[in-house]
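sequence unknown, structure follows:
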């Protein structure tokens with residue numbers, strides 16, 4: 001599928017840093033695949049970010065000897081820098097990137113870029129966490145990846161399943177609008193770009209991939225995880241403060257729903273809130289029993305409440321009150337944390353009273369007291385969510401529905 005104006009349809013950027021061992025073989029394989037399997041016009045760009053081995057020499061030779069292969073060099077390290085530079089200079093309609101180790105099966109490339117070339121979607125990503133994905137990697141990296149994406153979905157309220165897979169594509173006009181608002185220039189670049197895109201109402205298309213772990217990967221997992229957590233806090237703060245203009249991006253590029261979603265009735269809200277409350281109470285009990293041993297009663301109570309509060313607020317926002325989209329998302333999450341602190345106070349006081357009356361109380365008795373306190377805290381949460389957290393949204397929702405009705 002080639003643009004009607006006859007220009008370049010697809011540019012694939014391959015960020016590299018000290019990849020002399022695999023670079024030539026990978027670029028050759030990629031070029032051969034594109035030549036035989038990609039019907040649209042394409043170009044490969046090797047984006048070297050501060051390599052100190054023979055990578056620049058090999059990349060320069062490949063660009064000289066192979067058609068449709070270009071070499072760019074930056075003197076700063078960071079995948080985000082490399083993508084920002086290469087994408088910013090591209091004239092292609094669709095911009096993509098993939099890891100140089102080609103861990104992802106190249107057969108996923110055509111379905112990755114097709115919805116972008118057709119205009120159906122704005123961003124396309126490969127996912128290793130789909131039901132039909134086939135992934136080969138060690139249990140440690142599998143656990144870390146799933147835990148990170150679970151935390152990302154629950155705290156940032158995003159729906160995409162795999163933020164870290166090095167196999168993504170984006171329409172050039174969308175990249176031009178979003179990339180200037182991405183602050184990170186390292187591994188968190190992908191995640192930040194996807195969060196901003198979803199909060200701006202853009203369509204993210206996912207395809208399951210076949211993926212084989214690279215045993216020679218030099219990613220510092222611990223440092224990357226810490227950087228990602230700091231990035232999530234920073235992006236959440238920027239969204240709450242309005243630093244990232246998601247409303248303006250939504251107005252320009254976002255996709256409105258064909259039919260606005262209706263809110264459940266009061267009885268429906270009570271019923272749904274009850275179901276969420278039961279699930280949250282069971283999750284709290286399980287987490288408390290797991291955490292009580294290594295952390296102690298009060299610390300386990302706090303951590304279990306914090307984790308279940310995040311999931312509880314997200315579930316009630318969408319399931320109980322029928323709210324979706326970026327509007328007031330982080331304000332409501334912050335208010336939900338205030339409600340959590342009130343609930344934590346109630347349960348902490350109940351635990352303190354129990355220990356004052358029975359200093360040798362068994363964990364089962366502690367759990368019973370906390371469960372009773374949680375039931376009261378759950379009732380309080382419903383009242384505060386309905387009358388405080390989502391009250392302003394109700395008025396906004398009424399105005400929105402009136403606007404749609406008169407459109």
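That came in fine, so what should we check first? In this text the structure is predicted, and so the values were computed from the model without any measurement. Numbers count the residues shown, from 1 in each chain.

only C-alpha atoms for contact and neighbour calcs from this point on.
OK.

my hunch is that residue 185 is in a helix, does that hold up?
No. Read with DSSP: H, G, I helix; E, B strand; the rest coil, residue 185 is coil and lies in no helix.

What's the local residue count around the closest residue to it other than its chain neighbours?
Nearest non-adjacent residue to residue 185, counting by C-alpha to C-alpha, 6 or more residues apart in numbering: residue 80, 3.7 Å away. Neighbouring residues of residue 80 were enumerated by other C-alpha atoms under 10 Å; the total is 20.

so residue 80 touches residue 191, yeah?
No. At 10.8 Å, residue 80 and residue 191 do not qualify as touching, with contact defined as C-alpha atoms under 8 Å.

Flag the shaky bits of this protein, pLDDT-wise.
Scanning the chain with the threshold set as pLDDT under 70 gives 1-6, 215-222, 256-263, 324-327, 329, 391-407.

those strands in it, which residues are they?
Here the chain has its strands, by DSSP state E, at 10-16, 42-49, 69-74, 94-98, 123-127, 134-136, 167-171, 204-208, 210-212.

hmm, back to that, list the contacts of the residue nearest to residue 185.
By C-alpha atoms under 8 Å, 6 or more residues apart in numbering, the contact list for residue 80 reads 184, 185, 186, 187, 189, 190.

Just list the residues touching the second one, thanks.
Under the criterion of C-alpha under 8 Å, 6+ apart, the contact partners of residue 185 comprise 78, 79, 80, 81.

Okay, it and residue 229: tell me how far apart.
Residue 185 sits at a distance of 15 Å from residue 229 (criterion: C-alpha to C-alpha, to the nearest Å).

The last one too?
Using C-alpha to C-alpha, one gets 14 Å for the distance from residue 190 to residue 229.

got it, and the third one?
Between residue 186 and residue 229 the computed distance is 13 Å (C-alpha to C-alpha).

Same check on the first one?
As defined by C-alpha to C-alpha, residue 184 lies at a distance of 12 Å from residue 229.

just the fifth one next, same as before
Spatial separation of residue 189 from residue 229 under the definition C-alpha to C-alpha is 13 Å.

neighbour count winner among the two?
Neighbour count, other C-alpha under 10 Å: between residue 189 and residue 229, residue 189 has more, with 23 against 15.

hang on, the more buried one packs against residue 182?
Yes. Look at residue 189 against residue 182 with C-alpha under 8 Å: they come within range, at 6.8 Å.

my read: residue 97 touches residue 13, true?
Yes. Here residue 97 reaches residue 13: they are 4.5 Å apart, a contact under C-alpha under 8 Å.

what do these two both touch?
Common neighbours of residue 97 and residue 13, counting by C-alpha under 8 Å, 6+ apart, are residue 83.

neighbour count winner among those two?
Shown here are residue 97 and residue 13; by other C-alpha under 10 Å, residue 13 has more neighbours (28 against 22).

who does the more buried one bridge with?
Beta-bridge pairing of residue 13 under DSSP bridges involves residue 45, residue 97.

what sits against it?
Residue 13 neighbours (C-alpha under 8 Å, 6+ apart): 44, 45, 46, 47, 83, 86, 87, 95, 96, 97, 98.

List the contacts of the fourth one.
Put plainly, it is residue 47. Residues in contact with residue 47 (C-alpha under 8 Å, 6+ apart) are 13, 14, 15, 16, 71, 72, 73, 74, 82, 83, 86.

That concludes my questions; thank you for your assistance.
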